[in-house]
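Visitor: Provided below for reference: sequence and predicted model.
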Amino acid sequence: MGDIKSTRSPAQAAMPGTARHDREMAIQAKKSLSKTTDPVERLRLKCLARGSAGIKGLGKVFQIMDDDNSRTLDFKEFVKGLNDYAMMIDKEEAQEIFQIFDKDGSGTIDFDEFLVTLRPPMSNARKEIIMQAFRKLDKTGDGVITIEDLRGVYNAKHHPKYQNGDWTEDQVFRAFLDNFDSPYDKDGKVTTEEFMNYYAGVSASIDTDVYFIVMMKNAWKL
C-alpha cells in the first residue's frame, strides 16, 4: 500500500483502497452466490454484493421497523424488512433463515444476534484494530462518532470539495460519516456496531490479517 503522507486525511487515505476492495468483494460475492446453498451464507453474500455497507444497511431497515424498541422481529416483519431492502428471497428461504435464528421457537428473532451472525467472521486481531480506530475517532468516548468527535481528529481542509469552496467543513465531516452510515437512513451518527459492520464488509475482501491491520494502521495512523 506504500506510505500514506501525513497531509492526507484518514478518509482520503482509507477510501480509495476501500472502494477498490468494495468492487472486488461485490463481484466475488455475486460469483459465490451461485455456488452456495446455505441460506444464511446466501443472505450474507447478497448483502456483501452491495458493498461494505450492505449488512449494516439491512440492520438499519430492521431498526426502523422495530417500533416498540423490542430489538426483536417476528416472521412478518422479517420478510417485510428483506423486501424493503430489496432482497430477493423467496418465502421458503426466508422461513428457513428465520428458523435458524429462532432457536427457542418463540416466533421472534433477536436482530442484534442476527446481524452479528450475518457479519463475515473476523479474527480477534481484526476486531481489535477496528475498535482502536473507533476509539481514536470517538473523542467524547460515548460510543457514537458524530461531527463533534471529528473536529481535530479528521482534517477537512485537505478535502478537494472544501478546497474549491463547494462544501463547508461540516459537510465534509458529514460525507465522511456517511461512508459508515446506512445508505437508507443516514443520521450522521456512527455507532460501534455500524463501524464494525462496515469494516466486517471491508474485511471480507481482504485475505490476510496482516494486510488488513497494515491498511487500518496506515489509514487511521494507529
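Guide: Thanks, I have the structure now.
Visitor: phi, psi for the closest residue to Val144 other than its chain neighbours please.
Guide: Spatial nearest neighbour of Val144, excluding adjacent residues (C-beta to C-beta, 6 or more residues apart in numbering): Lys189 at 5.1 Å. Glycine gets a C-beta too; all of them are placed from N, C-alpha and C. Per-residue torsions, Lys189: phi -130, psi 140 (degrees, to the nearest 10).
Visitor: pretty sure Lys189 contacts Ile145?
Guide: Yes. The pair Lys189 / Ile145 is scored as a contact, 7.1 Å apart, by C-beta atoms under 8 Å.
Visitor: neighbour count: these two, which is higher?
Guide: Legend: neighbour count by other C-beta atoms under 10 Å for Lys189 and Ile145, higher for Ile145 (28 against 14).
Visitor: so what's that one bridging to?
Guide: Val190 (DSSP bridges).
Visitor: I'd say it and Gly188 touch.
Guide: No. The criterion here is C-beta under 8 Å, and Ile145 misses it with Gly188 at 9.5 Å.
Visitor: residues near Asn155, how many?
Guide: A total of 19 residues lie near Asn155 under the criterion other C-beta under 10 Å.
Visitor: do you know how far it is from Met215?
Guide: 20 Å (C-beta to C-beta, to the nearest Å).
Visitor: and for the spatially most central residue of the chain, nearest residue in space, chain neighbours not counted?
Guide: Centroid-nearest residue in the chain, with C-alpha atoms, centre = their mean: Tyr198, separated by 2.0 Å. Once flanking residues are discounted, Tyr198 sits nearest to Phe180: 4.7 Å by C-beta to C-beta, 6+ apart.
Visitor: if I pick the one you found, what's in contact with it?
Guide: Ala53, Lys56, Ile145, Val190, Glu194, Phe195, Tyr198 (C-beta atoms under 8 Å, 6 or more residues apart in numbering).
Visitor: let's see 7 Å
Guide: Val190, Glu194, Phe195, Tyr198 (C-beta atoms under 7 Å, 6 or more residues apart in numbering).
Visitor: which parts of this protein are helices?
Guide: 10-33, 39-48, 54-65, 75-84, 91-101, 111-118, 124-137, 147-150, 160-163, 169-178, 192-204, 209-220 (DSSP state H).
Visitor: wait, doesn't Cys47 sit right on Ile55?
Guide: Yes. Here Cys47 reaches Ile55: they are 4.5 Å apart, a contact under C-beta atoms under 7 Å.
Visitor: can you list residues touching both of the two?
Guide: Leu118.
Visitor: can I see the domain layout of this structure?
Guide: 19-118, 122-220 (the TED database).
Visitor: how many other residues sit next to the closest residue to Tyr85 other than its chain neighbours?
Guide: Leaving aside its chain neighbours, Tyr85 sits nearest to Val61 (4.7 Å; criterion: C-beta to C-beta, 6+ apart). The tally of other residues near Val61 (other C-beta under 10 Å) stands at 21.
Visitor: pretty sure Val61 is touching Ala86, no?
Guide: No. Assessed by C-beta under 7 Å, Val61 is found out of contact with Ala86, at 9.8 Å.
Visitor: show me the shaky parts of the protein.
Guide: In the predicted model, the chain carries pLDDT under 70 at residues 1-21, 182-185.
Visitor: same thing but at 50, please
Guide: Along the chain, the model assigns pLDDT under 50 to residues 1-17.
Visitor: ok, for Lys91, nearest residue in space, not its chain neighbours?
Guide: Here the residue nearest Lys91, using C-beta to C-beta, 6+ apart, is Val79, at 7.0 Å.
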